[in-house]
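In: how does the following fold in three dimensions:
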Amino acid sequence: MNDATVYLVPMALAAAAAGLWAWRRWHPVSFWYGVQFPVKAARVYLTWAHVASGCGLSRKRRRLRLTLDALPVVGAAARSAATVVQQRRRLRRVDVERPPRLGVLRPTVLGWRVRVRLDDGQVPDDYAKASERLAHAWRVHAVRVVGFTPGRVTLLATMRDPLTTVSVTPETGELLTVRPGKLENGSDWVMDLKTIPHWLNAGATQSGKSNLANAIIKGLSPQPVALVGFDLKGGVEFTPYAPRLSALATTRTECVALLDDLVGELGNRMATCKARGARNVWKLPEELRPVPVVVLVDEVAELFLMADRAEKDEVAKTGTALLRVAQLGRAFAVYLIVCGQRIGSDLGPGVTALRSQLSGRVCHRVNDPETATMTLGDMDPAALDAARAIPAETPGVCVVAGQDGSWHRARSVYVSEEQAEQAARDFAHLTPSWASLMSGPPTALPDWPGEQAA
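Out: Now for the predicted structure:
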């Protein structure tokens, strides 16, 4: 090797390293697809047998295998010296540990997706339980089960936490749809009230619950909808958004009266649909279609707490009216977003009955396990564990569960109170008056079994 080669090789290696560093620094997405992912994919395939075995996903299968049996033969001449060993081939059935069949790794911006064939006796929950072990084995941030079909399960591996920083705009431009943040898989978190009409938003102080409400108000303000607020904190939460609110109740008496108006409006919309032979307001002609109403309830526990028996009647009326709105709201374009720090069965059967109607669930960090259980416990135990593991230093991080049973870790985008207030002022001209929303005299609704639960 001459002197020129001695100098050129280190220089070439240094230039290659600098080029890779610059590539990764300035074009991380293309670097991931071009360099990192192929290396990761090769490592996953080469180590899959050991990883599956260590995670308890392999299964023992009987296979025919050719073995060599050692047979000692003692000869007369060698009786006093040594034992002669003779080997004979033999076909035997032996147990062989085989990993599940791993499909093709398909790269994503944050990691990859892969389908795995389930062995006999396996279920997708086996992979959900082994997800943390798989994440450590693959050296990734997290592994989630994101889908399954008969005999196959789809895994999503993410290299980093996409919830560290969230930057989206809550406005979507679609009616009754907001984009409050990001999901853990890197996609936008979209709340479509026409698909999932009612939501429960639980979280302790400084957990991000109020910030999510700010994002929802900012996202809905430009839309032709009516916003109604229930704020039993004396109005300190929703009063700054009054320019965009068609109605605001800040005392229990006002809440009962406003709920009576909502129930009456539901009766009017029901009568209109019946007269036109429509199953819901979206089947009505556009000129007869009423304005959608989004009801925001802050601190729902305050609606059910009572200091003495004198408040019992008001609490019962409140619970019954909320249940009616939740029961009938979807068909008649009245939607509920219920927020609270404390949601427990000790508040009364009305809370439990109301929760059953709120198919969308958002659980931030909570102070007591029962609130997390009331929010997510009837959907997926894994979601409940994820909610309990949310650290206090990550405000806005939550677990989102929908009516299809799936759940995701998510984080809402930061929307300051000033931004939400500015949106309320900018679009105040879109606010319909509460009197104009009342399309006629209140129509009594028929009794229904939910009243007994309240």
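
In: can you give me the helices for the stretch 351-454 of the chain?
Out: 369-376, 381-388, 417-426, 434-437, 450-453 (DSSP state H, counting those that start in this stretch).

In: list the buried residues in stretch 138-158.
Out: Buried residues in stretch 138-158, counted by 16 or more other C-beta atoms under 10 Å: 138, 140, 142-145, 148, 153-158. Just so you know, the C-beta spots here come from the backbone N, C-alpha and C atoms, and that holds for glycine as well.

In: show me those that map onto strands.
Out: Counting by DSSP state E, those place 142-145, 148, 153-158 in strands.

In: quick check, nearest of the residues you listed to V362?
Out: R144 (18.1 Å; C-beta to C-beta).

In: measure that closest one to C255 for me?
Out: For R144, the distance to C255 (C-beta to C-beta, to the nearest Å) stands at 40 Å.

In: go on, A18?
Out: For A18 relative to C255 (C-beta to C-beta), the value is 66 Å.

In: which of these two has more neighbours?
Out: C255 (22 against 10; other C-beta atoms under 10 Å).

In: next one: phi and psi at the closest residue to that one other than its chain neighbours?
Out: Among residues not flanking C255 along the chain, A249 sits closest, at 4.4 Å (C-beta to C-beta, 6 or more residues apart in numbering). Here is the backbone geometry of A249 (degrees, to the nearest 10): phi -110, psi 130.

In: ok, back up a step: out of the buried residues of stretch 138-158, who's nearest T394?
Out: A142 (14.4 Å).

In: which SS class is G34?
Out: With DSSP: H, G, I helix; E, B strand; the rest coil as the basis, G34 sits in helix.

In: if I look at the nearest residue to it once chain neighbours are set aside, what pLDDT would I see?
Out: Once flanking residues are discounted, G34 sits nearest to W23: 8.0 Å by C-beta to C-beta, 6+ apart. pLDDT, W23: 75.

In: quick check: W23 touching F31?
Out: Yes - contact criterion C-beta atoms under 8 Å: W23 and F31 qualify, at 4.9 Å.

In: could you tell me the end-to-end distance of stretch 214-232?
Out: 17 Å (C-alpha to C-alpha, to the nearest Å).

In: quick check: buried residues in that stretch?
Out: Buried residues in stretch 214-232 (16+ other C-beta under 10 Å): 214-223, 225-232.

In: just send the buried residues of stretch 138-158 back as JSON lines, with distance to V109 and pLDDT too.
Out: As requested, these are exported to JSON lines (distance: C-beta to C-beta, whole Å; pLDDT from 0 to 100):
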{"residue": "W138", "distance to V109": "17", "pLDDT": "93"}
{"residue": "V140", "distance to V109": "14", "pLDDT": "92"}
{"residue": "A142", "distance to V109": "15", "pLDDT": "88"}
{"residue": "V143", "distance to V109": "16", "pLDDT": "91"}
{"residue": "R144", "distance to V109": "15", "pLDDT": "88"}
{"residue": "V145", "distance to V109": "20", "pLDDT": "87"}
{"residue": "F148", "distance to V109": "23", "pLDDT": "85"}
{"residue": "V153", "distance to V109": "22", "pLDDT": "93"}
{"residue": "T154", "distance to V109": "17", "pLDDT": "93"}
{"residue": "L155", "distance to V109": "16", "pLDDT": "93"}
{"residue": "L156", "distance to V109": "12", "pLDDT": "92"}
{"residue": "A157", "distance to V109": "12", "pLDDT": "93"}
{"residue": "T158", "distance to V109": "10", "pLDDT": "91"}
